[in-house]
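[1] need a structure here:
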Amino acid sequence: MKKYRLFVYGILLFLVALSGWFAFVQKAVFPLEAESKLALREVGHKLLLANKDSHSLVQPVQQVAPTTYLLQFEKSLAISPDSLVHFIKASVAKTQLQDFYLVEVLRCADQEVAYSFRMQKEENKNIIPCATRTLPVDCYQIRALWKHTSVKSSFPYTFYTLLILLIGYSIWDQLGNTAKTTTQKTVTSPPKEQAIALGSICFYPEQHKLLIAETDIALSAKENQLLLLLASRSNAVIKREELSKRIWEDKGVIVGRSLDTYISKLRKKLSKDPSLQIVNVHGVGYKLVVGG
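    As a prediction, this is how the structure comes out:
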């Protein structure tokens, strides 16, 4: 038992000494400005290659605010939001930038935000809307806003943690207490809600809303149920009886003209995209026509 105690004490003392050595041998910390410009230039290069453009130039990355940078291109290009998210995430992972940033795609002509997304360490808090909708060929600028915190040495925390462990083990050993094992529960992040693409509109059933051109359109519970049913079988006729039964009658509600009323409300909210139509098939039911 005595040899065992000496062995444990020796290991803990070695770890304390090792943490002191790491305090003096640290990785070089580069300025935020240099890291940001390097990451964005790599993103610009990958976006041009994705457009099969290996000749035009990525313009110099500009620092427009203390933690805000602007990436510009020599020529117009198409941007796939899904690829943009992947390229920026991959570039940031290779730098010392923080895991909290907001990226906006601006149209050169009017500086309007054509697309944007936000990333955080907690993945369930990420906002990546309509990632599958490619932006058409146009003149774009990419603006990145980083949340910057200074890099500090972890030596004091490591030293005191190990010192506390050493003292704690000594007390436990002297009193003859047995160690208790704490079972940690694995916390699973909730899955991100997948948007249903309806033309240029994104439909979020769990949030009861539509998103078009960065504008939220709220849906009532019945409107949300009705649109979800129609969208599940887009371009196919769903009988009035089925719609009524699924949304109202199964809950003991007498429908009357409620179905037609809610269809009218949905038509108004979908009218921002002319390619979407809810068509009345006389005497049969309704169907959601996408791309008509």
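[2] switch to C-alpha atoms for all contacts and neighbour counts from now on
    Will do.
[3] which residues of the stretch 151-292 of the chain score low on pLDDT?
    Along the stretch 151-292 of the chain, segments meeting pLDDT under 70 span 151-163, 168-193, 250-256, 292.
[4] Tell me where it has helices.
    Taking DSSP state H, counting those that start in this stretch as the criterion, the stretch 151-292 of the chain carries its helices at 155-175, 221-232, 240-247, 258-270.
[5] cool, and the stretch 1-150 of the chain?
    Along the stretch 1-150 of the chain, counting by DSSP H, counting those that start in this stretch, helices occupy 2-24, 32-50, 81-93.
[6] From the chain's centroid, how far away is the shortest one?
    The offset between the C-alpha centroid of helix 81-93 and the centroid of the whole chain comes to 11 Å, using Cα atoms, centre = their mean, to the nearest Å.
[7] So for it, what gets flagged as buried?
    Neighbour counts using 16 or more other Cα atoms under 10 Å place Pro81, Ser83, Leu84, Val85, Phe87, Ile88, Lys89, Ser91, Val92 of helix 81-93 among the buried residues.
[8] Also the second one?
    By neighbour count on 16+ other Cα under 10 Å, the buried set for helix 32-50 is 32-33, 35-37, 39-48.
[9] which pair in those spans the largest distance?
    Between any two of these, the greatest separation by Cα to Cα is 24.5 Å, found for Leu32 and Leu48.
[10] Count the residues that sit near Val64.
    12 (other Cα atoms under 10 Å).
[11] Does it touch Leu70 like I think?
    Yes: if you go by Cα atoms under 8 Å, Val64 and Leu70 touch, sitting 6.8 Å apart.
[12] Leu97: neighbouring residues, count only.
    Neighbours of Leu97 under the rule other Cα under 10 Å: 22.
[13] Apologies, that question was intended for Gln207.
    The burial count for Gln207: 12, using other Cα under 10 Å.
[14] any idea how far Thr261 is from it?
    Here Gln207 is placed at a distance of 22 Å from Thr261 (Cα to Cα, to the nearest Å).
[15] and if you look at Leu210?
    19 Å.
[16] which of these two has more neighbours?
    When Leu210 and Thr261 are compared on other Cα under 10 Å, the one with more neighbours turns out to be Leu210, at 23 against 11.
[17] which residues does that one contact?
    Remark: with contacts taken as Cα atoms under 8 Å, 6 or more residues apart in numbering, Leu210 is in contact with Ile201, Cys202, Phe203, Tyr204, Asp216, Ile217, Ala218, Leu219.
[18] same check, this time on Lys125
    Applying Cα under 8 Å, 6+ apart to Lys125 gives the contacts Met119.
[19] Also Arg233?
    Here Arg233 is in contact with Lys287, Leu288 (Cα under 8 Å, 6+ apart).
[20] So what does it look like in phi/psi?
    For Arg233, the backbone dihedrals (degrees, to the nearest 10) come out as phi -130, psi 60.
[21] Show the pLDDT at Ala93.
    Ala93 carries a pLDDT score of 87 in this model.
[22] Distance of it relative to Leu226?
    On the measure of Cα to Cα, Ala93 and Leu226 end up 42 Å apart.
[23] Next: Thr261.
    According to Cα to Cα, Thr261 stands 11 Å off from Leu226.
[24] Also Val58?
    For Val58, the distance to Leu226 - Cα to Cα - is 47 Å.
[25] for stretch 267-278, which positions count as buried?
    Buried residues in stretch 267-278, counted by 16+ other Cα under 10 Å: Leu270, Leu276, Gln277, Ile278.
[26] Point out the ones among those that are inside strands.
    Among the buried residues of stretch 267-278, the members falling in strands (DSSP state E) are Leu276, Gln277, Ile278.
[27] Can you name the residues that contact the last one?
    Spelled out, that is Ile278. Taking Cα under 8 Å, 6+ apart, one finds Ile263, Arg267, Tyr286, Lys287, Leu288, Val289 in contact with Ile278.
[28] partners of it in the sheet?
    Note on Ile278: beta-bridge partners by DSSP bridges are Leu288.
[29] For Leu270, see how far away it is.
    9 Å.
[30] Thought Gly44 was touching Gln58, still the case?
    Just to correct that, residue 58 is Val rather than Gln. Yes: using Cα under 8 Å, Val58 is in contact with Gly44, at 6.1 Å.
[31] Name the residues contacting each of these two.
    With Cα under 8 Å, 6+ apart as the test, Val58 and Gly44 both reach Leu71, Phe73.
[32] Done for today, thanks.
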